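Participant: Got a predicted structure here, sequence first:
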Amino acid sequence: MAHNDPKEIVVISGKGGTGKTSITAALASFFPNKILADCDVDAADLHLLLNISATEKHDYYGGHVAEIDPDKCNSCGLCESLCRFDAIDVKEGKYAVQEMSCEGCKVCVDACPEKAIAWHPALNGAWMKSETKHGPLFHARLIPGSENSGKLVTFVREKAREKAIENKAPYILIDGPPGIGCPVIAAVTGAHRLLMVTEPTPSGLHDLERVLQLAAYFKVPSYILLNKADINKDYKEKTEKCAAQYGAKFIGSLPYSTLFTEAQLKGVSILDAFPDSEIAKELKAIAENLITHLQEEKQC
Ligand code: SF4
Ligand code: SF4
C-alpha cells in the first residue's frame, strides 16, 4: 500500500433499522480530514443528515441496451430465440427490444445477420458530489428497476478515492448498502476496515453473523458497534460472543435513544442537533476509540 493511500472505512449493518446511517453521519463530525461517500445507491439518505450544498450532478451510464433498426431487420427471429432474458418482442412481424428487460449482454447484437442491432450505453442513474461542513460527499441514485447497482457502488468509491488522494485525506468514511447482496460485496471488496452497526435482537444477531462471514470471505477486518444495547441483555452478550468468534473488535455500544429520530426529523446528524447530550458524548468516545485503533494499525 502506498504511503498516502487513503483508508476506506465502510459502515454496514446486514439489516435495516440499526441506525447505520445516523451513526455514519455522527462519525463524520469526528474523523479528521476525510472524504464521505454514500454507497447505498438504491436508497441513498446520508445526504439528508448532512445539510448538503453546491451539488454537482452527473448522469451515470453503467451498462448497455440493445436497439433494433426496423429498416435493416429482415424479421428472421434469430435474436428473439437467442435472448435469454425475453427482452425481444415481436408485434405484427416487427421485432423490438424492451429496454427494461434488456441486460445488455450483446448476444443479439453479435448474432444478427443484418447487423440491425445497435448497442448503446444505458442511463442507469446519477452520481453527485456535494459539499458538507464535514467534507465532500459522493453519493448516487440508481434509476428504479435499473441493474448495475454494484457497478455504481464501485464507481462512487472510485470517485471518493480520487478526491481523497487529491486532498491527501487519510480516510474515506463510507455509508454502505444494507444486506449482503451485490452492492454490499461491491462496497466491502478491498476496503480497509468495516464498521458493523448492529442491535441486540435475534434478527440483528443473525444478520451480523452473515456480514461477519462475508467480511471473513473477503478478508476485511471488522469492528462492531452495538446500538440500542440496553434493549436486550441476553442478546448483547450473544453479540459480543459472536464478534469474538469471528475475531471482530468490539468498538463500543450505545443505549436506545429517540434523539436519533428527532435529529433525522430536523434533517441533521445527532451531533449537530444535540451536541451536549449524553449520547453525543458516547459517540465521541466511540469515534475516538475507532480513530485510535486505526492510527495504531497505521504505525504497525
Ligand atoms: S436477428 Fe436481426 S434481422 Fe433477425 S429479427 Fe433480429 S434484428 Fe431482425
Ligand atoms: S442485449 Fe442481450 S438481453 Fe438485450 S436484447 Fe440482446 S440478447 Fe436480449
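Facilitator: Good, I have the coordinates. Quick caveat: nothing in here was measured; it's all calculated off a predicted structure. Ligands and ions are numbered 1, 2, ... in the order given.
Participant: Strand partners (parallel or antiparallel) of whatever helix or strand Tyr95 lives in?
Facilitator: Using DSSP states H and E, Tyr95 sits in strand 94-97. Strand pairing for strand 94-97, using DSSP bridges, gives strand 88-91 (antiparallel).
Participant: Does the strand it pairs with reach ligand 2?
Facilitator: Yes: Strand 88-91 reaches ligand 2 (CB under 6 Å from any ligand atom) through Ile88. (Glycine included, C-beta is placed from N, CA and C.)
Participant: Give the buried residues for that strand.
Facilitator: Ile88 (16 or more other CB atoms under 10 Å).
Participant: What of stretch 149-160?
Facilitator: Buried residues in stretch 149-160 (16+ other CB under 10 Å): Ser149, Gly150, Lys151, Leu152, Val153, Thr154, Phe155, Val156, Arg157, Lys159, Ala160.
Participant: Closest to ligand 2 out of these?
Facilitator: For the buried residues of stretch 149-160, the minimum distance to ligand 2 (CB to the nearest ligand atom) is 16.4 Å, reached by Lys151.
Participant: The closest one touches Val41, doesn't it?
Facilitator: No: counting by CB atoms under 8 Å, Lys151 stays clear of Val41, with 9.4 Å between them.
Participant: related to what we said a few turns ago, could you check the helix or strand following the strand holding Tyr95 against ligand 2 for contacts?
Facilitator: Per DSSP H and E, the first helix or strand lying C-terminal to strand 94-97 is helix 107-111. Yes: interface with ligand 2: helix 107-111 contributes Val107, Cys108 (CB under 6 Å from any ligand atom).
Participant: Other residues contacting helix 107-111?
Facilitator: With CB atoms under 8 Å, 6 or more residues apart in numbering as the contact definition, helix 107-111 has outside contacts at Ala66, Leu78, Cys79, Leu82, Cys83, Arg84, Ile88, Val97, Ile117, Ala118, Trp119.
Participant: Okay, buried residues for it please.
Facilitator: Neighbour-count burial for helix 107-111, counted by 16+ other CB under 10 Å, picks out Val107, Cys108, Val109.
Participant: residues from the chain in reach of ligand 2?
Facilitator: Within reach of ligand 2 by CB under 6 Å from any ligand atom, the chain has these residues: 66, 82-83, 85, 87-88, 97, 102-108.
Participant: Give the other helices and strands that the lengthiest helix in the chain contacts.
Facilitator: Counting by DSSP state H, the longest helix found in the chain is helix 278-299. The contact analysis (3 or more CB pairs under 8 Å, 6 or more residues apart in numbering; DSSP states H and E) places helix 278-299 against strand 7-12, helix 20-27, strand 222-226, strand 249-253, helix 270-273.
Participant: how big is the angle separating the longest one from strand 222-226?
Facilitator: An angle of 100 degrees separates the directions of helix 20-27 and strand 222-226 when computed by axes from the mean of the first three to the mean of the last three CA atoms, to 10 degrees.
Participant: where does the stretch 201-300 of the chain have low pLDDT?
Facilitator: Judged against pLDDT under 70, the low-scoring parts of the stretch 201-300 of the chain cover residues 298-300.
Participant: Ok, the stretch 51-200 of the chain next?
Facilitator: Along the stretch 51-200 of the chain, the model assigns pLDDT under 70 to residues 147-148.
Participant: Around ligand 1, pick out the residues from it.
Facilitator: Applying CB under 6 Å from any ligand atom, we find that the stretch 51-200 of the chain lies next to ligand 1 at 68, 73-79, 95, 112, 114, 116-117.
Participant: Can you tell me which of the residues you listed end up in helices?
Facilitator: Leu78, Cys79.
Participant: most neighbours, which of the residues of the stretch 51-200 of the chain next to ligand 1?
Facilitator: Most neighbours among these, by other CB atoms under 10 Å: Cys79, with 24 neighbours.
Participant: Once you drop chain neighbours, what's closest to that one?
Facilitator: Take Cys79 and drop its neighbours on the chain: the residue closest to it by CB to CB, 6 or more residues apart in numbering is Cys108, 3.8 Å away.
Participant: so where does His139 fall, helix or strand?
Facilitator: strand 135-142.
Participant: any idea how far Asp207 is from the residue nearest to the spatial centre of the chain?
Facilitator: Central residue of the chain (CA atoms, centre = their mean): Cys39, 2.5 Å from the mean position. When distance is defined by CB to CB, to the nearest Å, Cys39 is 18 Å away from Asp207.
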